[in-house]
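# take a look and give me a structure for this.
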Amino acid sequence: MLQDNVTDLERNKKEVEGSISRKEKDISNLSSKLEDEQGGVSRLQKLIKENQARIEELEEELEAERQSRANAERQRSDLARELEDLSERLDEAGGATSAQIELNKKREAELQKLRKDAEEANIQHESIVNGFK
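Take a look at the predicted model:
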(Lines give C-alpha, C1' and ligand atoms only; values in the text may rest on other atoms or scores of the structure.)
Protein backbone atom coordinates (compact mmCIF):
# COMPACT_ATOMS: atom_id res chain seq x y z
CA MET A 1 0.00 0.00 0.00
CA LEU A 2 2.83 2.35 0.74
CA GLN A 3 4.29 1.31 -2.55
CA ASP A 4 1.00 2.17 -4.27
CA ASN A 5 0.95 5.53 -2.57
CA VAL A 6 4.50 6.24 -3.73
CA THR A 7 3.61 5.15 -7.26
CA ASP A 8 0.50 7.34 -7.22
CA LEU A 9 2.51 10.23 -5.93
CA GLU A 10 5.20 9.76 -8.59
CA ARG A 11 2.55 9.57 -11.30
CA ASN A 12 0.87 12.69 -9.91
CA LYS A 13 4.26 14.36 -9.78
CA LYS A 14 4.91 13.52 -13.46
CA GLU A 15 1.45 14.76 -14.42
CA VAL A 16 2.00 17.97 -12.48
CA GLU A 17 5.47 18.38 -14.02
CA GLY A 18 3.97 17.81 -17.51
CA SER A 19 1.21 20.23 -16.75
CA ILE A 20 3.77 22.79 -15.50
CA SER A 21 5.85 22.25 -18.64
CA ARG A 22 2.80 22.80 -20.88
CA LYS A 23 1.83 25.89 -18.88
CA GLU A 24 5.38 27.25 -19.19
CA LYS A 25 5.22 26.71 -22.98
CA ASP A 26 1.82 28.40 -23.06
CA ILE A 27 3.22 31.29 -21.01
CA SER A 28 6.20 31.54 -23.38
CA ASN A 29 3.91 31.55 -26.44
CA LEU A 30 1.61 34.10 -24.86
CA SER A 31 4.60 36.28 -23.90
CA SER A 32 5.81 36.13 -27.48
CA LYS A 33 2.34 37.07 -28.76
CA LEU A 34 2.18 39.88 -26.20
CA GLU A 35 5.51 41.27 -27.43
CA ASP A 36 4.31 41.04 -31.03
CA GLU A 37 1.07 42.82 -30.13
CA GLN A 38 2.94 45.51 -28.20
CA GLY A 39 5.20 46.02 -31.23
CA GLY A 40 2.08 46.29 -33.39
CA VAL A 41 0.58 48.78 -30.96
CA SER A 42 3.79 50.84 -31.07
CA ARG A 43 3.77 50.83 -34.88
CA LEU A 44 0.11 51.84 -34.91
CA GLN A 45 0.71 54.62 -32.39
CA LYS A 46 3.56 55.91 -34.53
CA LEU A 47 1.34 55.73 -37.61
CA ILE A 48 -1.43 57.55 -35.74
CA LYS A 49 0.99 60.35 -34.80
CA GLU A 50 2.20 60.62 -38.41
CA ASN A 51 -1.38 60.72 -39.66
CA GLN A 52 -2.33 63.35 -37.08
CA ALA A 53 0.62 65.48 -38.19
CA ARG A 54 -0.44 65.04 -41.83
CA ILE A 55 -4.03 65.97 -40.93
CA GLU A 56 -2.78 69.15 -39.24
CA GLU A 57 -0.73 70.01 -42.35
CA LEU A 58 -3.73 69.42 -44.59
CA GLU A 59 -5.98 71.51 -42.33
CA GLU A 60 -3.45 74.36 -42.49
CA GLU A 61 -3.28 74.04 -46.28
CA LEU A 62 -7.08 73.99 -46.43
CA GLU A 63 -7.32 77.13 -44.31
CA ALA A 64 -4.73 78.85 -46.50
CA GLU A 65 -6.69 77.78 -49.58
CA ARG A 66 -9.92 79.13 -48.06
CA GLN A 67 -8.25 82.45 -47.33
CA SER A 68 -6.83 82.59 -50.86
CA ARG A 69 -10.24 81.80 -52.29
CA ALA A 70 -11.87 84.50 -50.15
CA ASN A 71 -9.25 87.02 -51.30
CA ALA A 72 -9.74 86.00 -54.92
CA GLU A 73 -13.51 86.32 -54.51
CA ARG A 74 -13.11 89.80 -53.00
CA GLN A 75 -10.82 90.81 -55.85
CA ARG A 76 -13.24 89.39 -58.40
CA SER A 77 -16.05 91.34 -56.79
CA ASP A 78 -13.98 94.54 -56.81
CA LEU A 79 -13.05 94.01 -60.45
CA ALA A 80 -16.68 93.32 -61.36
CA ARG A 81 -17.72 96.61 -59.72
CA GLU A 82 -14.91 98.44 -61.47
CA LEU A 83 -15.89 96.88 -64.80
CA GLU A 84 -19.49 97.92 -64.24
CA ASP A 85 -18.40 101.48 -63.41
CA LEU A 86 -16.21 101.61 -66.51
CA SER A 87 -19.05 100.24 -68.63
CA GLU A 88 -21.37 102.93 -67.34
CA ARG A 89 -18.78 105.61 -68.04
CA LEU A 90 -18.24 104.19 -71.52
CA ASP A 91 -21.98 104.19 -72.15
CA GLU A 92 -22.18 107.81 -70.97
CA ALA A 93 -19.19 108.74 -73.13
CA GLY A 94 -20.72 106.83 -76.04
CA GLY A 95 -23.97 108.73 -75.56
CA ALA A 96 -22.06 112.01 -75.48
CA THR A 97 -20.12 110.95 -78.56
CA SER A 98 -23.33 110.05 -80.38
CA ALA A 99 -24.82 113.40 -79.44
CA GLN A 100 -21.65 115.14 -80.62
CA ILE A 101 -21.76 113.23 -83.92
CA GLU A 102 -25.39 114.23 -84.45
CA LEU A 103 -24.54 117.85 -83.63
CA ASN A 104 -21.60 117.71 -86.07
CA LYS A 105 -23.89 116.32 -88.77
CA LYS A 106 -26.38 119.14 -88.22
CA ARG A 107 -23.62 121.74 -88.33
CA GLU A 108 -22.18 120.13 -91.45
CA ALA A 109 -25.65 120.24 -93.06
CA GLU A 110 -26.03 123.90 -92.05
CA LEU A 111 -22.58 124.66 -93.44
CA GLN A 112 -23.47 122.95 -96.72
CA LYS A 113 -26.71 124.97 -96.88
CA LEU A 114 -24.82 128.17 -96.18
CA ARG A 115 -22.27 127.33 -98.89
CA LYS A 116 -25.07 126.56 -101.33
CA ASP A 117 -26.87 129.80 -100.39
CA ALA A 118 -23.61 131.72 -100.75
CA GLU A 119 -22.98 130.08 -104.13
CA GLU A 120 -26.51 130.92 -105.29
CA ALA A 121 -26.13 134.50 -104.02
CA ASN A 122 -22.79 134.71 -105.80
CA ILE A 123 -24.36 133.44 -109.03
CA GLN A 124 -27.22 135.95 -108.67
CA HIS A 125 -24.78 138.80 -108.10
CA GLU A 126 -22.77 137.74 -111.11
CA SER A 127 -25.88 137.62 -113.25
CA ILE A 128 -27.00 141.03 -111.97
CA VAL A 129 -23.50 142.41 -112.63
CA ASN A 130 -23.58 140.80 -116.09
CA GLY A 131 -27.04 142.25 -116.61
CA PHE A 132 -25.69 145.78 -115.90
CA LYS A 133 -22.97 145.32 -118.43
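# just the helices in this protein please.
In the chain, the helices defined using DSSP state H lie at 2-132.
# low-confidence bits of it, can you list those?
133 (pLDDT under 70).
# try 50
Along the chain, segments meeting pLDDT under 50 are nowhere present.
# residues near residue 98, how many?
10 (other C-beta atoms under 10 Å). Any C-beta I mention is one placed from the backbone N, CA and C, and that applies to glycine too.
# could you shift the numbering so residue one becomes 245, and keep it that way?
Got it, the first residue is 245 from now on, which makes the last one we talked about residue 342.
# check the gap between it and residue 349 for me.
Distance check for residue 342 against residue 349: by C-beta to C-beta, to the nearest Å, it reads 11 Å.
# who touches residue 316 in this structure?
Residue 316 makes no contacts at all, as judged by C-beta atoms under 8 Å, 6 or more residues apart in numbering.
# over to residue 343?
Residues in contact with residue 343 (C-beta under 8 Å, 6+ apart): none are found.
# how about the one 3 residues further on?
The contact partners of residue 346, taken as C-beta under 8 Å, 6+ apart, number zero.
# contacts only, for residue 254.
No contacts exist for residue 254 under C-beta under 8 Å, 6+ apart.
# how much space between it and residue 372?
Distance, residue 254 to residue 372, using C-beta to C-beta: 171 Å.
# same thing with residue 274?
141 Å.
# right, I'll leave it there.
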